[in-house]
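**Q** Predicted model follows, preceded by the sequence.
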Amino acid sequence: QVQLVESGGGLVQAGGSLRLSCAASGQTFSRYTMGWFRQAPGKEREFVAYVSQVGGFTKYADSVKGRFTISRDNAENTVYLQMNSLKPEDTAVYYCAAGTLLIVTPEGYNYWGQGTQVTVSS
C-alpha cells in the first residue's frame, strides 16, 4: 500500500505560478512511476505529467508542455509539479498517483491521493 497526500493548491491569477507537492508513505517510493492528473467539473480525469521511478524520464500532456515541470525526490518520498504561466483552463482538482507503468491513462495507476484544488482566475 502507498498513501499519497497532495498539498500546494490554491487560488492564483492567470500568469501566476503554483507548486504542488505529493508526499508518499508506505511501500518503497522509488519503485513507482508517479503521475499527476487533473479533473475539472463535468470533465473526465486527464493526464498531466508523469516521472519515471528514478526521475530520468518524464512525459507531459500537450496542454501543459513548456509550462509545467514534474520532478521527484526519492530521498524525501515526494513528487512535485511546478506550474508556471497558469491559465484559467488549468482550473481543476489535481491528483497525484503511483503506478508501475509509464502510462498516461488513470487505469494504469494503483494508488491515488485525495486531490488538491487549483483555481486560476482571469
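**A** Received the coordinates, thanks.

**Q** Relative to residue 1, how far out is the residue lying closest to residue 64 once chain neighbours are set aside?
**A** Spatial nearest neighbour of residue 64, excluding adjacent residues (Cβ to Cβ, 6 or more residues apart in numbering): residue 48 at 5.8 Å. For glycine as for every other residue, the C-beta is placed from the backbone atoms N, C-alpha and C. Distance, residue 48 to residue 1, using Cβ to Cβ, to the nearest Å: 24 Å.

**Q** Please name every helix or strand in contact with the helix or strand harbouring the residue nearest to residue 64.
**A** Taking DSSP states H and E as the definition, residue 48 sits inside strand 46-51. Packing contacts for strand 46-51, counted by 3 or more Cβ pairs under 8 Å, 6 or more residues apart in numbering; DSSP states H and E, involve strand 33-39, strand 58-60, strand 68-73, strand 78-83.

**Q** and the second one, which strands flank it?
**A** The one in question is strand 58-60. strand 46-51 (antiparallel) (DSSP bridges).

**Q** So which residue is dead centre in the protein?
**A** Of all residues in the chain, the one closest to the mean position by Cα atoms, centre = their mean is residue 36, 2.4 Å from it.

**Q** Bridged to it, which residues?
**A** The residues listed as beta-bridge partners of residue 36 by DSSP bridges are residue 49, residue 96.

**Q** Thank you kindly, that will do.
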